[in-house]
Every structure is written in structure tokens, then in C-alpha cells.
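Colleague: following is a predicted model, sequence given first.
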Amino acid sequence: MYRTHTCGELRLTDAGKTVTLAGWVQRVRDLGPFLFVDLRDRYGITQIVVEWLDYHVKGEGGLGSFVVDPAKRAEKVETLAKLGREFVVQVSGPVRQRDNENPNLPTGEIEVLVTELKVLNAAKTPPFTIEEETDGGDELRMKYRYLDLRRANIRRNFELRHRMAMEVRNYLSAHHFLEVETPVLIKSTPEGARDFVVPSRMNSGEFYALPQSPQTFKQLLMVAGFDRYFQIVKCFRDEDLRQDRQPEFTQIDCEMAFVEQEDILNTFEGMAKHLFKSIHEVEFSEAFPRMSFDEAMKGYGCDKPDLRFGMKFQSLTPDPSPGERGEDLVRGVGFKVFDEAELVVGINAEGCAGWSRKQTDALIEFVKRPQIGATGIVFLKWTEEGLKSTVDKFYTPEHLQKWAERFCMKQGDLLCIMAGKADKTRKQLNELRLHMGDLLGLRDPKVFKPLWVIDFPLLEQDEETGRWHAMHHPFTAPKPEDAQKLFDQQDLGSVRANAYDLVINGTEIGGGSIRIHDRTMQEAMFRVLGFTDDDARYKFGFLMDAFEYGAPPHGGAAFGFDRWVSLFGHRTDIREFIAFPKNNSGRDVMIDAPSRIDQIQLDELGITVKG
RNA sequence: GGUGCUGUAGUUCAGUGGUAGAAUGCCCGACUGUCUAUCGGGAUGUCGCGAGUUCGAUCCUCGCCAGCACCGCCA
């Protein structure tokens, strides 16, 4: 037995016991006659102390005037004082109350007086400090990930991940969901993301693909009558990476039969609330707000609005979409930028009227960056002197007063107004809104604002090729009232779907839809997406065949587990919550993957590598 | 595929057209209660790689490589 206790459990009530601990040397503090070692394991830190009592000679002054024989000390220090950071050691000795307690440590009231110490394994000096605030950069930490994972704050991320996975399983299992594993070596499908591909040795020239999600399998489980399925499962997409995207990531994948959208939203809203409650003790007594895709785009310029703060869009021109009306408050006074714009839209930054020219110029610079590509911003501020805009030479105070009313503006507020093509301008204003939210500290990671975005369009059109793509995926059903348009291939842009996203704090946490469960409907969908019937049969024949054997109405959802955990951990970088993540270019810098393979392997697979 | 930023001691960074510094880590020493111990001393550099400009380049220019962030992409 290597240990009787962990480094996190000893308390004052244990004083007097003789214990054995094992762990890593966090830090050594050598005070001469005393040597303190912080011994660390997963459970905490316990101070162990080495005293050279046997060499002490009591002086005349009583306690506090010991004298140490330097020669004898040197002898003993030989082994003990050579302990370096991250040595693995085993120590035994009595637990005793400390002279000076450390209130910052759960074990701070006690220490273990070393009577025996064994070095189980020496360690090289680590390339960065194993502290909560490490001095190591990202790349180095990834290369030595096993050292990085020793840091308490990183370890806590995985404790959080574990607890969330347990709670998800508890909730779904209690709601009769069955956890079923689906294959990882599957068939490459078009549409959507690029597949990772695996060559087959036994079927030369043919390839498996790794699943982008278990989508078709979970639908087949519904056909099989499993009724409620879930899986916490790895998915793979060969696309460029971001802070919140890894080539392999984990989804909470779910599907239900005999349900309508409302049943699904309720079930998974329940799961979300269960997680909020069990992990963060946050209680949502009200239903999550719901917003249609159109509302989100018009009010926030994106399909995943961050509702931690306001600054909802208001337009100063009538909405350009068909059937919409509204008073035009800007056109016809000779200001070309607004006259020629399809849409003039802005946000009200409350309390920002005092911003300096330098600050507002910085906002203009921000939106002019190539990534955003806007031409500028018109400002209107309401200070003690009244309304003042950057376009005063075009607009009368009466004009400006009407703008202010439209935005419910108060003294002290600042309007930021942009103009141009409707969709593009909204997108740009969304970036500005989020930027303002950051600048004003309105995006507190400890505040959670969930919402459902619903009524997504079924299809979206590629600007360049004119081709239609499934917005969610090709198995999403149109709303029944729009279904005929799919068969007629008429007015496809207006077809809505019972598709929904769960958005928390401006992050898409998950989404899903009611699926097609009818062969003719699925065929119509594939035709709209530009598949020939042969193509559809080759790629998805198995699914359409299954639909002919009594497929129940069904639908489901999938949630990005890594994102959800990082959100609950108040961070944006999901790599902090993945034990062995990959870098920006999809490399694992620790094991150095991907890598070349032997010619023998290539030959077996019948593969020739170019170059 | 594109844009931007970064690359200097083990690490995190500062810096200069005349081959370099801080902090921390590391090593040595002192110290009777530390807990980011303290104090004293010490060692450490292909200034990412290659080419060009220059009398001379870590610094300027170009290319490449790597990392990060973003756009495209991510049903």
C-alpha cells in the first residue's frame, strides 16, 4: 500500500495518527533547520516538514534557541534537500497541528512530520511552472499536456466535465433514453462538412468515413422502435479550427420518436435546467425565451443572439423584406449614404454619450477591418447640450428627435447607426454590438441567458453557385404547411422547418429538428439539394429503404458537449476542457500527429501518396 | 484559400542598424515556522529559418516555417 490517505483529506482531528502519503513535490521551502515540502496529488496539498530534531542541542534560552550541528545537518540534507519540483515521493510520519496555520489550504491546520521519505521517481525540472497561474504558453503546455493537466485549475475543468456528463446521463436515463453506441467507421456522405476518411485494407480502393454525427444511425434506431436514444459521442469534421472548434469533438446526441417540436424543446429545456441547477445551482423558473430566426436576424443580426445585454437593433428605414412597413426617418434630405442604403439600422449604447472622438473613431476602425468590411458608423449622442450627430449638416433637430424616439433614447445615450445592404449591414452591426458589449463589460461569463431560436429556414442558397443547401441537414422536415413547395421546387427560400437551436450567451450550444420519415419527402429533399436519384440511392438508399418499413415520426437534437462544459466553466476556449486537444492546424503537438505512415502500410492499402 | 498579430535565456517578455536585458525558473550559500518564504551569490542565448540591403542585421526588405486570433468554411 503506497498511502493511507490522500493529500487533501487530513484535518486537525487526524492529529496524532501516523500516516503515509504519496504524491508530487509542489514546492520545497528550505529554512535551514526546517524543510517544508508541499506534497500534491489530485485531492489537494499537504505540508510535510522535515526537522533535524535529533541534531538539535537545547540552548540556555529554552525553546527558540536551538543550535544545529552543521556537519550532521549536511549529512541528512544529502537526500532530503535534493527534492526537486515534481519528484514523486512517499512519506510517512505523524500528523500534528501546525504552529502557523495556513488558512488558504483545506489541510492548513496540520502537517506531517517526516520520519521516513522515499523517492519513488525523480523528475526533470518541468519546462513551465505547475501552478494555477502558469508561466507556460499554450504551445508548450500542449506539448507537455500531461504536466499541464497536473495544474489544479485544469484538473477542475475535467471534474466539471465529468459531473456534467454524469448529470446528462442521470437526466436522460430518468427520462427513458437508452444509451446506444453507433459505429465510427461509416460511409462518406456529401453535404455539410468534409469527412475524415479511413482507407479499407480489405476493400482496396474504398474508404470509410468518420461520422460528422451519428445522424442517420439515430434515425434508424427510431425506425427500430428504440423510441428514445442518446449517446455522448465523438464526432469528426475536417474543417478549419477555432477556439470553439476541434476536428474531433463530443456531442450529446439524442433522438425521440412520436414527438412534435414542442415535446423535444420541453425535454431538452428540462435537461438544460437540470444542468444549470445541479452544476451551478441556478434555477430557471420561467420557460426559456423563444425567438424566431427572422426575429433574431432583424433584432440582432445573427441566429444566436447574446441576450446578456440589450442594444437590440432598430431601423430608421422601412424593412426591405416583402410586406413590411415602417416610417422612413432618414431618406430624402440629400445624405447619399442613407438615401442609397437598402437598410439604415442602429443600436443604442446607453450611457455612452460621453465617449470621446478617439473612442468613437476606434469603433469605426473596428468595423472597417477587412473581416467586417463596413464603411463607417453614424453617431448620434444626447448630451447636456442636446442631440448632436455626425450628420448634423443633413438633418434638422426635429429629424434627430424622431431618431431618438425610435430608439427610446435618453440623455447620456449614444446611437451607432450603419447603412447598406440589409443582410450585410445587420451582420456588421451584430459584430459592433458584440464588440460594444465587450467594451462595456456586459458579457459577464457568470451570467447565463439561454434561449431557443426556432423556425429556421429549411434551405439556404449559395450566393455564387445558386445551389440550395440544407440549413440544418438534409433530413430536416419542412413545416407541413410548406411541404408542397418542396415537391414543386417553388419559392424554396420561404420554406420553414421545425428546426431549433439552443443558444446560451451568444453561443450555439445545440440544435435539432423534426426529421423526414417519409421516403417520397426525403427523395424530394434530395432532389432540391441537387442529387440525382441514383446519387441519393447510392448515398442514402439504406435510410430511404428503412423509411418504407414503418418509420415513426421522430426528431431530436444534439448538443456540443465541449462548448457546454466550457460555457459552464466560464471560458471560451474548449481546449481547456479536452484532455488532449489539437492545435489551430489540427496537429497534436504532444504525439506529433498526423504523421507519415510506412510504405508497407501504404502498399497494403493500395495507396500512392503524391509528392 | 485569405487577413492580422507574434517568434529574443528553461519559461514569460522588454529592447537596440554596432552581436542583449528584466522577471521567474534553475544551481550554490545563509537562515528556528515557511506556505509565491526571505536574503546573498551564480550560470544560461543559432535573437525561428533562408536570402537580400548595408562597412556591419536580432533590428530594415522579401520568402519560408511555426503559433495564435479572425474571415471564408464548419449540414
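Modeller: Looks like it arrived, so ask away.

Colleague: rest of the way, CA atoms for contacts and neighbours
Modeller: Fine.

Colleague: and the strands in the stretch 451-600 of chain A?
Modeller: With DSSP state E, counting those that start in this stretch as the criterion, the stretch 451-600 of chain A has strands at A:459-461, A:468-470, A:499-504, A:507-514, A:554-560.

Colleague: what inclination does the third one have with respect to strand A:507-514?
Modeller: Computed with axes from the mean of the first three to the mean of the last three C-alpha atoms, to 10 degrees, the direction of strand A:499-504 lies at 160 degrees from that of strand A:507-514.

Colleague: and strand A:499-504, how far out from the chain middle?
Modeller: Per C-alpha atoms, centre = their mean, to the nearest Å, the displacement of strand A:499-504 from the mean C-alpha position of its chain is 14 Å.

Colleague: out of the strands of the stretch 451-600 of chain A, which comes closest to RNA strand B?
Modeller: The closest of the strands of the stretch 451-600 of chain A to RNA strand B is strand A:468-470. By C-alpha to the nearest atom of the strand, the value is 4.2 Å.

Colleague: quick check: which ranges of chain A have low pLDDT?
Modeller: Along chain A, segments meeting pLDDT under 70 span A:52-81, A:190-191, A:322-325, A:611.

Colleague: which one's the longest strand in it?
Modeller: Ranked by residue count under DSSP state E, the longest strand found in chain A is strand A:18-30.

Colleague: mind saving the C-alpha coords of that one as PDB?
Modeller: Taking Å, rounded to 0.1, in the frame of the first residue of the first chain, the C-alpha atoms of strand A:18-30 are listed here in PDB:
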ATOM      1  CA  THR A  18       0.700   8.100  11.800                       C
ATOM      2  CA  VAL A  19       0.100   8.300   8.100                       C
ATOM      3  CA  THR A  20       1.700   7.600   4.800                       C
ATOM      4  CA  LEU A  21       1.200   9.900   1.800                       C
ATOM      5  CA  ALA A  22       2.300   9.700  -1.800                       C
ATOM      6  CA  GLY A  23       2.400  12.500  -4.300                       C
ATOM      7  CA  TRP A  24       4.300  15.000  -6.200                       C
ATOM      8  CA  VAL A  25       6.600  17.700  -4.800                       C
ATOM      9  CA  GLN A  26       4.900  21.000  -5.500                       C
ATOM     10  CA  ARG A  27       7.500  23.200  -3.700                       C
ATOM     11  CA  VAL A  28      10.300  22.900  -1.300                       C
ATOM     12  CA  ARG A  29      11.000  25.700   1.300                       C
ATOM     13  CA  ASP A  30      14.300  25.200   3.000                       C
END
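
Colleague: got a list of contacts for that strand?
Modeller: Contacts with strand A:18-30, where a contact means C-alpha atoms under 8 Å, 6 or more residues apart in numbering, come from A:2-7, A:35-41, A:81, A:83-95, A:112, A:130.

Colleague: cool, stretch A:383-397 as well?
Modeller: Residues outside stretch A:383-397 that contact it (C-alpha under 8 Å, 6+ apart) are A:333-335, A:353-354, A:378-382, A:400-401, A:411-413.

Colleague: number of nearby residues for the residue in the stretch 301-450 of chain A that RNA strand B sits nearest to?
Modeller: Residue of the stretch 301-450 of chain A nearest RNA strand B, by C-alpha to the nearest atom of the strand: A:Q371 (4.4 Å). Residues lying near A:Q371 (other C-alpha atoms under 10 Å) number 10.

Colleague: so when I look at it, I'm seeing a helix, right?
Modeller: No - applying DSSP: H, G, I helix; E, B strand; the rest coil, one finds A:Q371 to be coil, outside a helix.

Colleague: tell me the phi and psi of it?
Modeller: phi -60, psi -30 (degrees, to the nearest 10).

Colleague: next: A:N266.
Modeller: Per degrees, to the nearest 10, the backbone of A:N266 is at phi -60, psi -40.

Colleague: tell me the helices and strands packed up against the helix or strand where A:L363 lies.
Modeller: Taking DSSP states H and E as the criterion, A:L363 maps to helix A:357-368. The contact analysis (3 or more C-alpha pairs under 8 Å, 6 or more residues apart in numbering; DSSP states H and E) places helix A:357-368 against helix A:422-439.

Colleague: how much space separates the closest residue in space to A:P553 that isn't next to it in sequence from RNA strand B?
Modeller: In space, and not counting its chain neighbours, A:P553 is closest to A:F258: 5.3 Å by C-alpha to C-alpha, 6 or more residues apart in numbering. From A:F258 over to RNA strand B the distance is 21 Å, taken as C-alpha to the nearest atom of the strand, to the nearest Å.

Colleague: verify the stated contact: A:F258 with A:H554.
Modeller: Yes - here A:F258 reaches A:H554: they are 5.5 Å apart, a contact under C-alpha atoms under 8 Å.

Colleague: with neighbour numbers in mind, choose between the two.
Modeller: Between A:F258 and A:H554, counting by other C-alpha under 10 Å, A:H554 is the more crowded of the two (24 against 12).

Colleague: just list the residues touching that one, thanks.
Modeller: Contact partners of A:H554, counting by C-alpha under 8 Å, 6+ apart, are A:219, A:222, A:255-260, A:514-517.

Colleague: which among the residues you listed count as buried?
Modeller: A:219, A:222, A:255-257, A:259-260, A:514-517 (16 or more other C-alpha atoms under 10 Å).

Colleague: quick one: contacts for the nearest residue to A:F34 once chain neighbours are set aside?
Modeller: Leaving out its chain neighbours, the residue that sits closest to A:F34 by C-alpha to C-alpha, 6+ apart is A:E51, at 5.0 Å. By C-alpha under 8 Å, 6+ apart, the contact set of A:E51 is A:33-35, A:113-114.
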